[in-house]
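Participant: Here you go, sequence then predicted model.
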Amino acid sequence: MSQCTLAAAAKINLYLRILGLRGDGYHEVAMVLQSVNLRDTLHLTTQSRKDMSITCDHPQVPTDGTNLALKAAHLLAEAFPKQATGVHIHIEKQIPVAAGLAGGSSNGAAVLVGLNHLWGLGLTVPELQGFAAQLGSDMPFCVQGGTALGTGRGDILEPLPPVTGGAVVLAKFVNLSISTPWAYRTYSETFRHTFAEASAQESDHFVQVLASHSLAEIAAHLHNDFEKVVLPAHPEIAQLKQGFLDQGALGSLLSGSGPTVFALYSDATLAQPAVEQLRIDYPEVDFWVTEFCPWGVAMIQ
Ligand code: ATP
């Protein structure tokens, strides 16, 4: 029996534009993906029985074949039947579920990295990302993490220089979840007429801003097309964003298709008192004070 423990980082989008609808049903996007230091912990233990099993300390996470961590294990086992063993996966959840933080994708990515190690497969990061792409658009990014430009359906990745410093605050209404397919569908129905003029080059300017390494500049240029459909449908999220700005945030944005909102502060000593006040103003919201993270998956043990 061998085992390993991995940390899987959550992801936010500093920039997200929806450029069109593709023939395969996915949307064409241009986005900047960024890991943040809010992580799940995954324990992988090989077992003599050939089967795969999974447990999780969070009741909302499925422990059947729909769990992305289990899907990742099955995918690698099918590709490498000789090296594959049975595996038990236990997930300690910190990343809120269905929050627009790619929690499931990060778990799947961690299993790919962990089994590559436990089964001695010797797969490279691009090879692992090839498997990840079969399971979800966000998963290839989660394998490597850090800061990256994502084009295509978000799975064609170009690493970008790391964003460092400052504090990132995440906030999520406890009882609110937003379906990503709903958000894409509603965006397409409402803004289809803008697709003709949309171009991936629009992200070039944001990439230049990132290269300036100025957090204030980055915060001033945050952009997420999903805000155009999510904020009108959920005015409480727009209010929370404004709450962050009133409490001194450099910038604030919906994360992915939401409902999580993040805010950037120049440092944690400014973020902490702001969050203390916001906790009073928004008792129905969970807050996390964290920071940018240069990786997606880390082997802890
Ligand atoms: P994304 O930003 O990639 O759209 P998300 O962060 O909004 O995803 P997840 O936390 O990944 O959302 O959960 C979305 C759904 O995926 C959950 O409702 C759950 O049913 C399912 N799921 C499958 N595997 C996992 C996992 N390991 N952890 C959390 N949710 C999972």
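Facilitator: Everything's here; your move.
Participant: Please enumerate the helices of the protein.
Facilitator: All helices of the chain, identified by DSSP state H, fall at 68-79, 103-118, 125-133, 139-144, 180-191, 202-211, 215-220, 227-233, 235-246, 268-281.
Participant: I'd like to know which elements the second one is packed against.
Facilitator: Going back to what we said before, that points to helix 103-118. For helix 103-118, the packing partners by 3 or more CB pairs under 8 Å, 6 or more residues apart in numbering; DSSP states H and E come out as strand 3-21, strand 27-47, helix 68-79, strand 86-92, helix 125-133, helix 139-144, strand 297-299. The way it works is simple: take the backbone N, C-alpha and C, and place the C-beta from them, glycine included.
Participant: if we go to 6 Å?
Facilitator: Here helix 103-118 touches strand 3-21, strand 27-47, helix 68-79, helix 125-133, helix 139-144, strand 297-299, going by 3 or more CB pairs under 6 Å, 6 or more residues apart in numbering; DSSP states H and E.
Participant: Helix 68-79 and that one, what's the angle between them?
Facilitator: Counting by axes from the mean of the first three to the mean of the last three CA atoms, to 10 degrees, helix 103-118 lies at 40 degrees to helix 68-79.
Participant: Name the residues that touch helix 103-118?
Facilitator: For helix 103-118, the external contacting residues (CB atoms under 6 Å, 6 or more residues apart in numbering) are 2, 4, 6, 8, 40, 42, 44, 46, 68-69, 72-73, 76, 91, 95, 97, 123, 128, 131-132, 135-136, 138-139, 142-143, 296-297.
Participant: With stretch 178-188 instead?
Facilitator: Contacts of stretch 178-188 (CB under 6 Å, 6+ apart): 18, 21, 27, 226, 229, 257-259.
Participant: if we can go back for a sec, could you dump the helices of the chain to TSV with distance to I156 and mean neighbour count?
Facilitator: Formatted as TSV, the entries for these read as follows, by distance: least, CB to CB, whole Å; neighbours: other CB atoms under 10 Å:
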stretch	distance to I156	mean neighbour count
helix 68-79	20	20
helix 103-118	16	27
helix 125-133	9	18
helix 139-144	9	28
helix 180-191	18	15
helix 202-211	12	16
helix 215-220	22	17
helix 227-233	24	18
helix 235-246	29	17
helix 268-281	33	15
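Participant: Out of these, which gets the lowest mean score?
Facilitator: Comparing mean pLDDT across these, the weakest is helix 202-211, with a mean of 90.
Participant: With just CA atoms, put it into CSV.
Facilitator: Taking Å, rounded to 0.1, in the frame of the first residue of the first chain, the C-alpha atoms of helix 202-211 are listed here in CSV:
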residue,chain,number,x,y,z
GLU,A,202,-9.0,42.0,-26.6
SER,A,203,-7.2,40.0,-23.9
ASP,A,204,-3.8,41.3,-25.2
HIS,A,205,-4.2,44.6,-23.4
PHE,A,206,-5.0,42.8,-20.1
VAL,A,207,-1.9,40.7,-20.5
GLN,A,208,0.2,43.8,-20.9
VAL,A,209,-1.4,45.2,-17.8
LEU,A,210,-0.4,42.0,-15.9
ALA,A,211,3.2,42.5,-17.1
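Participant: Now do the contacts for Q277.
Facilitator: By CB under 6 Å, 6+ apart, the contact list for Q277 reads Q247.
Participant: and it, how far is that from the ligand?
Facilitator: Look at Q277 and the ligand: by CB to the nearest ligand atom, to the nearest Å, they are 27 Å apart.
Participant: Find the nearest non-adjacent residue to G165, please.
Facilitator: Using CB to CB, 6 or more residues apart in numbering and skipping the chain neighbours, the partner closest in space to G165 is L215 (6.0 Å).
Participant: any idea how far the one you found lies from A9?
Facilitator: Going from L215 to A9 by CB to CB, to the nearest Å gives 19 Å.
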